[in-house]
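Trainee: show me how the following folds:
(one chain, ligands or ions: 2)
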Amino acid sequence: PSTSLDLRDEILRLKKERNAVILAHNYQTGDIQDLADYVGDSLGLAYRAQEADADVIAFCGVHFMAETAKIVNPGKTVVLPDLDAGCSLEASCPAEDLKSYLKQHADKNYYVIAYINCSAGVKALCDVICTSGNAVRIVEQAPADRPILFVPDANLGAWVMEQTGRKMDLWNGSCHVHMDFTRESINKIKEEHPDALVVAHPECTTAVRLLADEVCSTEKMIPYCQNAPVDNIIVVTESGMLHRLQKEAPGKNLIAGPTERCACNDCHFMKMNTLEKLRDCLQSLQPQIDMPADIREKATAPLLRMLEQSK
Ligand code: 13P
Ligand code: SF4
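Mentor: Ligands and ions are numbered 1, 2, ... in the order given. Next up, the predicted model:
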């Protein structure tokens, strides 16, 4: 414990020296969440990054989130503790594949909506971005006279279609973490806690979503759990969320949604960041997030459109 206390102190000292702000996603380990200046979902993090006035943004999350921070606030130095912290959704939609798909289907004149879990190269090809927290609002504001192509998460896309009644063509991407929850694994934990409510992330499959009492972004899970009329709540998303929820809804018995193999589920990309790596990146200001100027410029408009449309 003393080393970890020293490490904490060192991080806080470096943060001051570098004039840095530490932003962390809800799936980061508890020790990182506890010393971050802000913890939230992709949408909250994008707003925080946009308004950050520190010199350095130390982004504890995955690569596409740090890249988003750089796009909305390009004057800042953005560091990510582990550059290999990727995302299976991002990997499921390479920019080159989307580019040739759009070329092949140019006659459709698609309005392209990209879930924020994608590379800057994909964002640069889109009309607007969305997150799980604002996807319904963004789709509702899409032009009525154009077909929508929704990339890369087919599960989130299917949920948004149900919510809005708007038909969309879906890219066939998915999050390997949320795909691990099954109808069987969630039914089993429900049987153990028959009075529990179930809250699930929209990246889950339709079969799992149908078992949920509420489907929402990680940040919206907080008021849902705080205001739930029962004590037992089964939380079907990545395990880091439990740390955040236990702090914000301390009176509740929060139960991690299990998979077939495990009592809860980790995103190994999110968990690549550690306190040590956070210390190192504040010290060396490496690895830094950067991208070709033309990609950054093209990705800016759809991101700003999202921030504007979800206010
Ligand atoms: P949220 O924006 O809901 O936090 O989701 C991010 C994510 O990566 C979910 O897997
Ligand atoms: Fe990507 Fe899934 Fe990890 Fe979220 S949980 S960062 S969608 S791989």
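Trainee: could you confirm whether the strand or helix carrying G44 reaches ligand 2?
Mentor: G44 is located in helix 42-51, with elements delineated by DSSP states H and E. No - judged by Cβ under 6 Å from any ligand atom, helix 42-51 and ligand 2 are separated, with a smallest distance of 8.7 Å. Yep, even glycine has a C-beta here, placed from its N, CA and C like the rest.
Trainee: quick one: list the elements packing against that helix.
Mentor: Identification of packing neighbours for helix 42-51 by 3 or more Cβ pairs under 8 Å, 6 or more residues apart in numbering; DSSP states H and E yields strand 20-25, strand 38-40, strand 56-60, helix 63-72, helix 293-309.
Trainee: what residues sit buried inside it?
Mentor: By neighbour count with 16 or more other Cβ atoms under 10 Å, helix 42-51 contains the buried residues S42, L43, G44, L45, A46, R48, A49.
Trainee: re earlier: most packed of the helices and strands packed on helix 42-51?
Mentor: By mean neighbour count, with neighbours taken as mean count of other Cβ atoms under 10 Å, strand 56-60 ranks first of the helices and strands packed on helix 42-51 at a mean of 27.
Trainee: so is that strand next to ligand 1?
Mentor: No - shown here: strand 56-60 not in contact with ligand 1 (Cβ under 6 Å from any ligand atom), separated by at least 13.0 Å.
Trainee: now do the helix holding G44: everything it contacts.
Mentor: Helix 42-51 is contacted from outside by 21, 23, 25, 38, 40, 57, 59, 61, 65, 68-69, 72-73, 76, 78, 116-117, 131-134, 217, 219, 303, 306-307, 310, using Cβ atoms under 8 Å, 6 or more residues apart in numbering.
Trainee: ok so, going back, let's have the helices and strands packed on helix 42-51 in a markdown table, adding mean pLDDT and distance to ligand 2.
Mentor: Conversion of those to a markdown table gives the following (pLDDT from 0 to 100; distance: least, Cβ to the nearest ligand atom, whole Å):
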| stretch | mean pLDDT | distance to ligand 2 |
| --- | --- | --- |
| strand 20-25 | 98 | 8 |
| strand 38-40 | 98 | 14 |
| strand 56-60 | 98 | 12 |
| helix 63-72 | 98 | 8 |
| helix 293-309 | 97 | 17 |
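Trainee: quick one: distance of stretch 281-298 to the chain centre.
Mentor: Averaged C-alpha coordinates place stretch 281-298 at 19 Å from its chain's average position (Cα atoms, centre = their mean, to the nearest Å).
Trainee: how about stretch 261-280?
Mentor: Computed by Cα atoms, centre = their mean, the separation of stretch 261-280 from the middle of its chain amounts to 14 Å.
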